[in-house]
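Engineer: how does the following fold in three dimensions:
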Amino acid sequence: MARIAGIDLPRTKRIEIALTYIYGIGRNSARTICVKANVDRDTKTERLSDGEVVRLREIIERDFEVEGDLRRDVSQNIKMLMDIGCYRGLRHRRGLPVRGQRTHTNARTRKGPVKTVAGKKVAPVKK
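Structural biologist: Numbers count the residues shown, from 1 in each chain. The predicted structure follows:
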């Protein structure tokens with residue numbers, strides 16, 4: 001089993017797709033990595049030789065920031081935005097959409113489930 005950047009890559013998928021299981025590597029980066037490592041993109045992960053796995057691992061470690069390091073950098077960037085009190089930081093702090101989406105309707109993913117506020121019941125007026 002190929003283990004790269006602390007992730008066990010799925011055995012039955014093509015290496016181009018399997019590399020996308022690593023946080024920070026998308027389809028385009030996976031394609032680039034395969035070309036640099038001289039690995040056929042259509043090769044299944046289980047059919048990779050040890051030398052190919054080593055080449056893939058070295059290229060990823062040298063040229064890309066992935067997994068823990070990338071997650072740490074992203075969280076530090078968000079924390080910095082919140083600390084300096086910019087608009088994006090305030091949106092992160094309040095758990096609202098950051099990139100200009102509307103919140104009057106929708107935005108349930110970011111805001112969470114609906115919190116119903118009960119209105120006051122008014123007693124009927126007797127005449």
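Engineer: which residues are contacting the helix ranked longest in the chain?
Structural biologist: Looking across the chain with DSSP state H, the single longest helix is helix 67-84. With contacts defined as CB atoms under 8 Å, 6 or more residues apart in numbering, helix 67-84 is touched by 5-7, 22-24, 65, 88-90, 92-93. All C-beta spots, glycine's among them, are computed from the backbone N, C-alpha and C.
Engineer: how about stretch 97-106?
Structural biologist: 88, 91-92, 96, 107, 110-111.
Engineer: circling back: pLDDT of whichever helix or strand comes after the longest helix of the chain, averaged?
Structural biologist: Along the chain past helix 67-84, the next helix or strand (assigned with DSSP states H and E) turns out to be helix 87-94. For helix 87-94, mean pLDDT is 94.
Engineer: CA atoms of the longest helix of the chain as CSV?
Structural biologist: Extracted in CSV, the C-alpha atoms of helix 67-84 (Å, rounded to 0.1, in the frame of the first residue of the first chain):
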residue,chain,number,x,y,z
GLU,A,67,-1.6,17.9,5.2
GLY,A,68,-0.6,19.2,8.7
ASP,A,69,1.6,22.1,7.6
LEU,A,70,-1.0,23.4,5.2
ARG,A,71,-3.9,23.0,7.7
ARG,A,72,-1.8,24.9,10.3
ASP,A,73,-1.1,27.7,7.9
VAL,A,74,-4.7,28.1,6.9
SER,A,75,-5.9,28.1,10.5
GLN,A,76,-3.2,30.7,11.5
ASN,A,77,-4.3,32.9,8.6
ILE,A,78,-7.9,32.8,9.7
LYS,A,79,-6.8,33.5,13.3
MET,A,80,-4.8,36.5,12.1
LEU,A,81,-7.8,37.9,10.3
MET,A,82,-9.9,37.6,13.5
ASP,A,83,-7.2,39.1,15.6
ILE,A,84,-6.7,42.2,13.4
